[in-house]
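Peer 1: Need coordinates for the following:
(3 chains)
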Amino acid sequence: MASDYRLKEALPKLTKRIVSTYDTLGTINHLGHCPLPRYEQIISSIADLKEILYPGYRRRERLHMGNVTYYVGDLIDGLHDKLTTQFARALRHEDRVNDGVDCGADQVDYEAKGQAMAIDFLDRIPDLREMLALDVRAAFDGDPACQNIDEVIFCYPGLEAVTVFRLAHELLEIGVPFIPRMMTEWAHKQTGIDIHPGAQIGRQFFIDHGTGVVIGATCEIGERVKLYQGVTLGALSFPTDRDGKLVRTTKRHPTIENGVVIYANATVLGGQTVVGKNSVIGSSVWLTKSVPANSTVTMEKPSLRIRAESAVPEVTDYQI
Amino acid sequence: MASDYRLKEALPKLTKRIVSTYDTLGTINHLGHCPLPRYEQIISSIADLKEILYPGYRRRERLHMGNVTYYVGDLIDGLHDKLTTQFARALRHEDRVNDGVDCGADQVDYEAKGQAMAIDFLDRIPDLREMLALDVRAAFDGDPACQNIDEVIFCYPGLEAVTVFRLAHELLEIGVPFIPRMMTEWAHKQTGIDIHPGAQIGRQFFIDHGTGVVIGATCEIGERVKLYQGVTLGALSFPTDRDGKLVRTTKRHPTIENGVVIYANATVLGGQTVVGKNSVIGSSVWLTKSVPANSTVTMEKPSLRIRAESAVPEVTDYQI
Amino acid sequence: MASDYRLKEALPKLTKRIVSTYDTLGTINHLGHCPLPRYEQIISSIADLKEILYPGYRRRERLHMGNVTYYVGDLIDGLHDKLTTQFARALRHEDRVNDGVDCGADQVDYEAKGQAMAIDFLDRIPDLREMLALDVRAAFDGDPACQNIDEVIFCYPGLEAVTVFRLAHELLEIGVPFIPRMMTEWAHKQTGIDIHPGAQIGRQFFIDHGTGVVIGATCEIGERVKLYQGVTLGALSFPTDRDGKLVRTTKRHPTIENGVVIYANATVLGGQTVVGKNSVIGSSVWLTKSVPANSTVTMEKPSLRIRAESAVPEVTDYQI
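Peer 2: Numbering: from 1, shown residues only, chains lettered A, B, ... in the order given. Here you go, the predicted model:
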């Protein structure tokens, strides 16, 4: 590099200026001996969990009933250790944020608490498999373009998002802080589908295509519900307390009953809004009030302005 | 870790419970000696193919006419082997799913069939380059924010999605099962653009921004078509047969003729819907019937409720 | 592999056919001794910059005031070298594209120019931290589902996109070609949020969920603005010059004043469109004209067709 070394002399002073902002702008740095949950460990745990939930599809080939116990047992053992550590970190961090507890002065055995949560979580895997087998089946039965069950597991972003959601939702129920949101946001990044781990979602749930779907924290979704890309199940407005601070606990998101289908880019808003069972919400509908069971909601024949213009000369082909 | 070893004693029993679900819930695990196509190999093949299609942009620098033949020859040779193996796996798997053929009892030389398909596919690369050069040019000519052709190749998610689509579409035509969908779903994950490999798409195709675009399996798209983010070319409804099963072959998605432009978040639905040539479909339009050539379709001046509220006191700056 | 070696003999001829298209279709290959900016280096620079902007969250744990200076100093030193090289490549490439300057015949010391830009850019990090601390705070204050500040930094795609945008915008101001767009398109891929580096965006900016957001190159956005998923701030139409070529410099995208909130999937178009301060634009609204300060714009009660159908028999549960 032919660059000027005198310029590079500016770097120590710049470093000092930057470091001084870690003091003045302390909200967006995390310094100290109390480490946060580690993002890479959370993500690699999701990959391990998917190997257990759907064995034989991705990382390891030629599994059979004669060797799969070793493979899964080893994964479970590793997950036990990884999750114990990460859950302990999340629990310690939460106490620190809420009560200002200092890192050296733990009153709680976070490792033991984390371990109990890890065991509780891993124990739910057999039931989760049953739940996910139904989701997989709902995807196959809900999409005429789908050729076979394996295509769902290999290719469907909806299944990816729902799998991670169901894992994260269990963690939230067990009381693991922080990590469920890290997981669902990872799935959001992979799929464009943003499901808050707090949502309640029944069996046989299918999201097709999925990009842009948002499902809020206080949604309640029944069984056999099908959503398409761009569907928002969101909040109408946010109540604030007398200090003008947001109230973070009210039901703000809609209830979707059994058997409902919501087509692309429809928006359903509000904590009081209930879409009655077996209803169909058409594409691009914007709905902020309840509809009874068996309703079909579509946009009125859209008042489009269709203007036939005088034919323009055909554009000729490009020269490359 | 200060965790309790007695708790960890639960793991072997848990492993057993999980493994037993591989028997009872056999639809979502793939055990046995008949491996599926390997996701990582498919994705790395896409990367290799892009090195051949657009050499000099990403992995390898300082290519020139004196060394590029070695580089490309080596890539082609490696792709031949990789694709042969993966195509053979996909073909064997398809027969197994459809006809219950057992893995050890192959009646077909899948490797030979896979190789013939790999050669056929690689043979189409020169024509694909011609096609893609036109797509790149269409992107540059269609976006006033674009500074030069290299920006299209480096930065445009629309080109990424269309490149992978065109590769996957050729594979589908050749008769490779399963892998085309793995490829386009990988592109979907990268770009938010979901193009089914079955779609028919003409030359000089450009998708700008692209997040949320969905193009269904039976779409027919002419030449010089331009789409923006969030456009859905989808199905109106799914016909079912007399057993209530979805019919998976009908034309369910629209036809878009030459020179059409469809703006952001517009939705065009239905297998009978034809958008006539050189028409313009405005942003957020929802269209379920055909329009003649040279039409401009916009939403009627939207009936918005515009309410001027009493001025609220200016929010003061935050304290960080 | 049981494949046929005679088939493989076709590969040299195929390689030759492909290489010959590098001559005939030269627009989409980059051959020669003048390397382009390297994508991997740009992306790894973003990761380094995030370690400096938000230390302690991701790559390196147990940072404290006693060791952070070494860590940050080393990152700054490495970034200086990486960015100098990449900026020099971008500058050389730009001259080559615009003026046809040949690679060997440099009239300019691009390394020196690149280094000056790198130093100028790194020098802005302290101010960027201040800006981003306000963005982080705006996210926490704007989302009732958010539990604490760390969640914003770990999980919010909106912050990811805005962080990369603010970095890229500084580079664009400094005059670095090409690389700003590579950066924001990387963020687009990660988050589904597409912000052109040319946009002007004020302090305390928050995008929630974010998938599908598009913010055009000539947007002007004030302070304390909040956007939701799927919002497009786009162009109405593109003026062309007398040769029919796009004019690439006009203001084509709207102006959003201080304190405006724009809900999910709303579309605001046109360079003359001004959304007055503290206005609220409702979900799915489509707006192409200005509204005064303190306006609330919602869709008229949507004319929905709600049809209560005769109850269909409840679908029974699947057999897995």
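
Peer 1: Quick check: mean pLDDT of stretch A:42-57?
Peer 2: Stretch A:42-57 carries an average pLDDT of 96.

Peer 1: anything in it near chain B?
Peer 2: Yes: between stretch A:42-57 and chain B, judged by C-beta under 8 Å from any C-beta of the partner chain, the touching residues are A:52-57. In this view, the C-beta of every residue, glycine as well, is placed from N, C-alpha and C.

Peer 1: ok, now which ones touch the residue of chain A found nearest chain B?
Peer 2: Going by C-beta to the nearest C-beta, chain B is nearest to A:Gly56 of chain A, at 3.3 Å. Each residue near A:Gly56 by C-beta atoms under 8 Å, 6 or more residues apart in numbering or on different chains is listed here: A:63, B:29-32, B:36.

Peer 1: Can you check the pLDDT for the residue of chain A at minimum distance from chain C?
Peer 2: Nearest residue of chain A to chain C: A:His30, at 3.3 Å (C-beta to the nearest C-beta). At A:His30, the model reports a pLDDT of 92.

Peer 1: Show the contacting residues for it.
Peer 2: A:36, C:54-57, C:63, C:150.

Peer 1: Pop the domain breakdown of chain A in here.
Peer 2: Domain assignment of chain A by automatic domain parsing yields the ranges A:32-192, A:199-299.

Peer 1: winner for burial among the ones you listed?
Peer 2: Compared across the domains of chain A, domain A:199-299 shows the largest average neighbour count, a mean of 21 (mean count of other C-beta atoms under 10 Å in any protein chain shown).

Peer 1: Could you see whether chain C lies near it?
Peer 2: Yes: judged by C-beta under 8 Å from any C-beta, domain A:199-299 and chain C are in contact via A:204, A:211-212, A:214, A:216-217, A:224, A:230, A:232, A:234-235, A:238, A:246-248, A:250, A:252, A:258-259, A:265, A:267, A:269, A:278, A:284-287, A:291-299.

Peer 1: Is that domain in proximity to chain B?
Peer 2: Yes: using C-beta under 8 Å from any C-beta, domain A:199-299 reaches chain B at A:209, A:211-212, A:228-230, A:264-265, A:283-284, A:299.

Peer 1: now stretch A:78-95
Peer 2: Yes: shown here: stretch A:78-95 in contact with chain B (C-beta under 8 Å from any C-beta) through A:80-81, A:84-85.

Peer 1: ok, so what distance separates A:Ile149 from A:Ala90?
Peer 2: 35 Å (C-beta to C-beta, to the nearest Å).

Peer 1: could you measure the residue nearest the centre of chain A against A:Phe178, distance?
Peer 2: Nearest to the geometric centre of chain A sits A:Thr184, at 2.5 Å (C-alpha atoms, centre = their mean). For A:Thr184, the distance to A:Phe178 equals 12 Å [C-beta to C-beta].

Peer 1: Which among the domains of chain A is found nearest to C:Val162?
Peer 2: domain A:32-192 (15.1 Å; C-beta to C-beta).

Peer 1: my guess is A:Ala161 meets A:Lys189, correct?
Peer 2: No: in this structure A:Ala161 lies outside contact range of A:Lys189 using C-beta atoms under 8 Å: 10.5 Å.

Peer 1: For A:Leu75, which residues are in contact?
Peer 2: A:48, A:51-52.

Peer 1: any weak-confidence spans in the stretch 51-200 of chain A?
Peer 2: A:104-105 (pLDDT under 70).

Peer 1: I'd guess A:Lys82 is in a helix, am I close?
Peer 2: Yes: counting by DSSP: H, G, I helix; E, B strand; the rest coil, A:Lys82 is located in a helix.

Peer 1: can you give me the strands for the stretch 201-320 of chain A?
Peer 2: A:206-207, A:214-215, A:220-221, A:226-227, A:232-234, A:255-256, A:261-262, A:267-269, A:274-275, A:280-281, A:286-287, A:295-299, A:304-308 (DSSP state E, counting those that start in this stretch).

Peer 1: I'd like those strands laid out as JSON lines, including distance to A:His196 and mean pLDDT.
Peer 2: Below are these laid out as JSON lines (distance: least, C-beta to C-beta, whole Å; pLDDT from 0 to 100):
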{"stretch": "strand A:206-207", "distance to A:His196": "14", "mean pLDDT": "98"}
{"stretch": "strand A:214-215", "distance to A:His196": "6", "mean pLDDT": "98"}
{"stretch": "strand A:220-221", "distance to A:His196": "12", "mean pLDDT": "98"}
{"stretch": "strand A:226-227", "distance to A:His196": "14", "mean pLDDT": "98"}
{"stretch": "strand A:232-234", "distance to A:His196": "10", "mean pLDDT": "96"}
{"stretch": "strand A:255-256", "distance to A:His196": "14", "mean pLDDT": "98"}
{"stretch": "strand A:261-262", "distance to A:His196": "17", "mean pLDDT": "96"}
{"stretch": "strand A:267-269", "distance to A:His196": "15", "mean pLDDT": "94"}
{"stretch": "strand A:274-275", "distance to A:His196": "18", "mean pLDDT": "97"}
{"stretch": "strand A:280-281", "distance to A:His196": "20", "mean pLDDT": "94"}
{"stretch": "strand A:286-287", "distance to A:His196": "20", "mean pLDDT": "89"}
{"stretch": "strand A:295-299", "distance to A:His196": "24", "mean pLDDT": "86"}
{"stretch": "strand A:304-308", "distance to A:His196": "35", "mean pLDDT": "67"}
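
Peer 1: could you redo these as TSV and give each row distance to A:Ser20?
Peer 2: Converted to TSV, the strands of the stretch 201-320 of chain A look like this (distance: least, C-beta to C-beta, whole Å):
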stretch	distance to A:Ser20
strand A:206-207	47
strand A:214-215	39
strand A:220-221	49
strand A:226-227	49
strand A:232-234	41
strand A:255-256	51
strand A:261-262	51
strand A:267-269	45
strand A:274-275	54
strand A:280-281	54
strand A:286-287	49
strand A:295-299	56
strand A:304-308	59
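
Peer 1: A:Ile256 contacts A:Gly216, doesn't it?
Peer 2: No: counting by C-beta under 8 Å, A:Ile256 sits too far from A:Gly216 to count as a contact (11.5 Å).

Peer 1: residues contacting A:Leu49?
Peer 2: So A:Leu49 contacts A:79, A:125, A:167 (C-beta under 8 Å, 6+ apart).

Peer 1: give me the element it is part of.
Peer 2: helix A:39-53 (DSSP states H and E).

Peer 1: if you go through the stretch 51-200 of chain A in chain order, where are the helices?
Peer 2: Under the criterion DSSP state H, counting those that start in this stretch, helices of the stretch 51-200 of chain A are mapped to A:68-99, A:110-122, A:125-142, A:149-155, A:157-174, A:179-191.

Peer 1: tell me which strands and helices the fifth one is in contact with?
Peer 2: So that's helix A:157-174. Under the contact definition 3 or more C-beta pairs under 8 Å, 6 or more residues apart in numbering or on different chains; DSSP states H and E, helix A:157-174 sits against helix A:39-53, helix A:110-122, helix A:125-142, helix A:179-191, strand A:194-195, strand A:200-201, strand A:206-207, helix B:179-191.

Peer 1: Would stretch A:124-141 count as contacting chain C?
Peer 2: Yes: using C-beta under 8 Å from any C-beta, stretch A:124-141 comes into contact with chain C via A:130, A:133-134, A:137-138, A:141.

Peer 1: residues making contact with that stretch?
Peer 2: A:49, A:52-54, A:146, A:148-149, A:151-153, A:156, A:158-159, A:162-163, A:166-167, A:170, A:203-206, A:208, A:224, A:226, B:14, B:17-18, B:20-21, B:25, B:27-28, B:246, C:318, C:320.

Peer 1: What pLDDT does the model give A:Tyr318?
Peer 2: Taking A:Tyr318 on its own, its pLDDT is 50.

Peer 1: ok, A:Gly234 touching A:Ala217?
Peer 2: No: using C-beta under 8 Å, A:Gly234 is not in contact with A:Ala217, being 10.3 Å away.

Peer 1: which residues are common contacts for those two?
Peer 2: A:His253.
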